[in-house]
Structure formats: C-alpha cells, structure tokens
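Trainee: need a structure here:
(2 chains)
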Amino acid sequence: MGKLGVIAAIAFLVAVLSYFLIPLLWMIFAAFDPNAGPELKIPTNPSLVNFEKLAEPIGAAVPYTWILNSLIIASASATLATVLALLAAYVMTRHSFRGQEALTTMFVSFRLIPVIVIALPIMVLYKGWGLNNTLQGVILAHTALILPFAILILDGYLRGIPTTYEEAAMIDGCSKLGAFLRITLPLALPGLVTVWLISFVFSWGEYVIPRLIIATETLTPAAVGLDYFKGLHGQIDYGRIAAFSILYTLPVVAIFMYIKKYLQRGVAGLVSR
Amino acid sequence: MSTIRLESITKIFPPNVVAVDNVSLKIEKGEFFVLLGPSGCGKTTTLRIIAGLEKPTRGRVYIDEEDVTDLPPRKRDIAMVFQTWALYPHMKVYDNIAFPLKLRKLPQHEIDRRVREVAKMLRIEELLDRYPKQLSGGQQQRVALARALVRNPRAWLMDEPLSNLDALLRVQMRAELKRLQKELKITTVYVTHDQVEAMTMADRIAVMNRGRVLQVGTPFEVYHNPRTIFVGGFIGSPPMNFVRATFDKVGENYVLRFENVSLTIPSELGKHIENRVGTGSEVVIGIRPEHISLASAEEENAIPGEIYVVEPLGTETILNVKIGETVIKMKVLKELILPVGERVWIKFDLDRIHIFDPKTEEAIV
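Mentor: A predicted model of the protein is given here:
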C-alpha cells in the first residue's frame, strides 16, 4: 500500500470512529461542563456541578431516584425471568411431551411482536388488576417480555449439558431434583449469568412499558426520566442530561465488565467432555 | 455380592420401537456377566432398566430377590460406569469420588479414609486435586471406576466403559478390570459390542440381537455351541463361515452338497439331521476358520479351491479360499503364505461343523 493508501485508510478509520464516538464524546464533555450547550466543546473549567444538580428535584422527584427505580425494576425482572426460564428450560430439555416443538416456535414468535403492541393491552388489563403506576407492574411486564428469549437461550444451554451427568448423580444417590440442583445447576451457571445480564440490559433500557404504566414521577425509571429534563422550564439543561446519561450508562457497563471476566472463566472451565 | 434377576422384561419406546423383547436373565452372585450384541440390540437399554434409569414397559427387576422395578436408581444401591464416564466437570477428582459418600451423609473422616483407600487401589492418589478435564482418558476411566467402587455397591453396571480408550489402553484396562472384579467379587453386568472383550472378561455372556437374548452361556459354550447363525457369526474373529448346502442320503451315506462339492458326513451326524429336517432339505453349514485345514487331492472329502486373498496376521495367516462362488476363510500357520490363484485342497473338520436351519436360523446340530 502506498503512502496515499495509508492516509486514506487512516481517514476512513477516523471517520468510522467519529461516527460512533462523537455523541459519546459530547456526553462526556457536556457532563463535566457547567456551561454545556448543544455544541461539541472541551470544558474550559470542568466541574462536578452537573452531578450535584441531579440531587435537586425535577417536578416531584430527584433524578437519582430514577436510577434507583431502574435498578429495582431491571434486577427484579432479570432475576424473575432467569428463574422462570430455568424451570421452563429444564422441563423442555429433560422431559419430552406433546407439542414441544410448537411451544418453541411460539416462544420465538412472541418475541417478534413489537413491545408497543403488547403494551396497550397490558395497560388496560393492569387497570383492572390495580397494577398501573406500580413498580411491580413494570417488573411483571418486563419479565413476560424477556421470558421467551431467556427460555430459548437456556434451552440451548441445558441441551449442551449431557443428561449422563444427572443420571450418574441419580445412581450415586441423588433424587431427580437433587441431581439437577447439585450437578446441572452449577454447570449451567455461565448460561444463567448470560441470561440474567441480557435480561437486565433489556429491562434497563426498555422505555415503552414504564412510559405507559408509570404516571408518578417518583416511580419513574431512568429511561423515562430522561424525558423530564427537557421542556419543564422551557429550556434544556444539557449538562444535567449528560451527567444523568453517564450515570444511566455506568451500571450496565460495570455489570458487563464484571460478568465478562466470570463468563470467560465459566465457559472455559466448566463444561468439557 | 448380589443376584440380579430380570423377569420377562420388555421395553417399548413410543410410538412402538421394541428395544427389549421379553428378556429373562439371572445373574449370579459375584458373576461377571456380559451383555453382548451389535449397536441397537437392546443391551444398553437392558442395563439402564437394571439401573432404574429406564422403566420397563412390562416385566420385573429383582436384586437379591427384592422387587426393585418401581424403585428409583438411588434406592437400588448399584453403581454404574458410563461410556463417557460422566465425571462431574465442576468437581475435583476427590469430590467426584466422595460424592456418593457425601450423599449418604457419612462422617468426614470416614469419607476421607475411603476415598484415599480406593484412590490407592486404582493408583490415582496423585490426581485427587485435579479437575476431570485435566486427566487423560485412562485416568478418567480410573476415576469413574473409583467412584463406582467407593461405596461397596450391591452390583456394578458398566456401559461400554472401555470403548472410549485407545486400543492399547483398552487391552490393559480389560485385564485390570477383570482382576479387580475377581478380587472384590462384585456382581457385574457389563455391556459391550466387542466380542473379544466379552470372551476375555466374562464368566457368562448373553448374546443379544434385536431386543432378544439369543443365547446365554460361558464364553466356551457360546463359542463352541452357538445356538443360532447370528451367535456363530458374531463371536469369533474372523467369524464362522456359513455355506448353504443340500442334505441328502446316497445309499447308506449321508452327504452335504454345495457348489460342486459333495461331503460325506459321519452317519451319526447324518441321522441326526435326517430326524430333524429330513433328506433333501436345505441347511446352512457353519464352520470356524480354525476347523478347516489344507489337504491333499486324494484325501477323502477334500474340497478343491483356489487362493483368493491372503491375510497374514503375524501369529497366523488367514487364507481366503474360493470354492465355486463361495469364499471360505481359514486359519493356517503364519509361515504359510501362498500365492493368489494357487489351486489348493481344503478339508473341513466334520466333527466340528455346525448345521443350522436356514428358515429359523437355529442350530440343528
């Protein structure tokens, strides 16, 4: 490659990177800039004042509570979905029954329905059940939305663990359930962690369900809370939105970093035949 | 030491695959019992029914004359070694071996003593701290045996435990396993498709095909008195030769005719066949390669043929001799390597031939 080629390649890379990174860069610059505006600029006197302002209420709620609400909703939905998916996948992989194939197909097709299509009926039903405007309501809906996908992942994962291990454990003295809990469950741990993480990230970022179900600012999760920053006082506080966006991003990145290490160890170390 | 008895066991997998067809067996105390047959013959299913991993559609299973048909595996007090060994990947070797004892809630020092004892016996003491994936095939095999041994089970069930080892190690482990079983006198049911394994290890063999037990007997019995064409063909290497022939009486002599050959057989044998199927009927002659010898042209009952293929094995040579359209395998001394196409005369040891009914495939003599 000639000199011109190298320059062209570098230019191309810079263009691609900018495409992905400039929005992120704006977010980071703006978060630490007390005078942040819509333009991309390096803060002249960087400070944490935008983060401090997040403790001041917007309407009836302090923005920090939205992060907390998101943590509650996402971790509860992810945990619930993982446990339920494990039970379902266990039955689907360790027993055979009529309509097994049809069930799997059904799970896939459920996942293809846009969330907004299901969200409206859910809202109507919740009205009767008193679940509108509650965190439980969002958690239940998210769990239901995640489940098909979670079951499919765990189904594949459990199928990869030979039943011989469970059979050996049953001969060694375990009951059927005991063999599952003592042998298959520890072997499935990396799969469970994966499902939990994916579920968490879905629920963390999901906007439609809480937008329709939650009406009170104190119960709002972060995804919807971002909306409240603009327009309330007629003007947009860019610095505060950027600071909040960073806080909103951090937990997911942190969880991923932690679990990534675990996943590598888990997948490499556990299942080998 | 225990007895195992199967009473009319039938297993049908839905929709209607008959895996095991009315099998009855009695395995004696301390016996090394081999279920032998080709893949899909129902031997593994039979073993899994004894273990309790599979429920028979019909029939009962008894261990020490106690009906265990409806008991789950853990209440049968048997140990099993799987083809893949099924060592728990997330546990160290020590914990793998200790697992059955922990489930029985033995005191810690007793568990430790027993694990170390059995590890010493199988020479895997230095492996206790490793994970199964860090072990070689032979080592994993030993750990699987240790786990099966550690709790003094009533019986050992083994599902092709040697088939995942390389050939050399398999021969070593074969002898070792046999010695161990004789030393500990544990009733053992061993499943294999390898007739050499069955012949070398078994006290008794049950030959199975298509879900049925065709013959039960000592290795000597099933080798020398096969009750069906299948048993004769499955056991022995190279297998028994089978030749379709016509049985007839010429004057006072009984003869067997095939190709252009007419063999005069001993009159006692002839009478016996005559009583069973009558003269003029079709039969199948079965003869093992070692019961055929080279002969000279003028000898009585010498059969002319020509050398078709020569297979030197080192200790002996297998000659393939073509008689008309029939190829017969025979064992000769290793020094005897004849050129292909050479005309030879061969002779059947007529006291050693087996006569089968081609319709029922069962032995007449």
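Trainee: who are the neighbours in contact with B:Q140?
Mentor: B:85, B:87, B:132 (C-beta atoms under 8 Å, 6 or more residues apart in numbering or on different chains). Glycine gets a C-beta too; all of them are placed from N, C-alpha and C.
Trainee: go again with 10 Å.
Mentor: B:Q140 makes contact with B:84-87, B:93, B:96, B:124, B:127, B:132-134, B:164-165, according to C-beta atoms under 10 Å, 6 or more residues apart in numbering or on different chains.
Trainee: now these as CSV including distance to A:I113 and pLDDT?
Mentor: As requested, those are exported to CSV (distance: C-beta to C-beta, whole Å; pLDDT from 0 to 100):
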residue, distance to A:I113, pLDDT
B:T84, 41, 90
B:W85, 45, 90
B:A86, 41, 93
B:L87, 44, 94
B:V93, 50, 96
B:N96, 46, 95
B:I124, 55, 91
B:L127, 53, 94
B:P132, 44, 94
B:K133, 42, 92
B:Q134, 47, 93
B:N164, 47, 85
B:L165, 52, 85
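Trainee: list the ones among these that fall in helices.
Mentor: Mapping the contacts of B:Q140 onto helices (DSSP state H) picks out B:93, B:96.
Trainee: just the contacts of B:Q140: which are in strands?
Mentor: Among those, no member falls in strands (DSSP state E).
Trainee: overlap between the contacts of B:Q140 and the residues near chain A?
Mentor: B:84-87, B:96, B:132-134 (C-beta under 10 Å from any C-beta of the partner chain).
Trainee: so A:P186 versus chain B, what's the distance?
Mentor: Per C-beta to the nearest C-beta, to the nearest Å, A:P186 is found 5 Å from chain B.
Trainee: mind giving me the packing neighbours of the host helix or strand of that residue?
Mentor: Using DSSP states H and E, A:P186 sits in helix A:185-205. Secondary-structure packing of helix A:185-205 (3 or more C-beta pairs under 10 Å, 6 or more residues apart in numbering or on different chains; DSSP states H and E): helix A:63-94, helix A:135-159, helix A:222-228, helix A:238-269.
Trainee: just how off-centre is it within its chain?
Mentor: Offset of helix A:185-205 from its chain centre (C-alpha atoms, centre = their mean, to the nearest Å): 10 Å.
Trainee: residue ranges with poor pLDDT in the stretch 101-250 of chain B?
Mentor: For the stretch 101-250 of chain B, no stretch is flagged by pLDDT under 70.
Trainee: where along it do the strands fall?
Mentor: Applying DSSP state E, counting those that start in this stretch to the stretch 101-250 of chain B gives strands spanning B:155-159, B:187-192, B:204-209, B:212-217, B:241-250.
Trainee: same list (those) but as a markdown table, adding distance to chain A and mean neighbour count.
Mentor: Listed next are the strands of the stretch 101-250 of chain B as a markdown table, based on distance: least, C-beta to the nearest C-beta, whole Å; neighbours: other C-beta atoms under 10 Å in any protein chain shown:
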| stretch | distance to chain A | mean neighbour count |
| --- | --- | --- |
| strand B:155-159 | 8 | 25 |
| strand B:187-192 | 13 | 25 |
| strand B:204-209 | 21 | 24 |
| strand B:212-217 | 24 | 20 |
| strand B:241-250 | 39 | 17 |
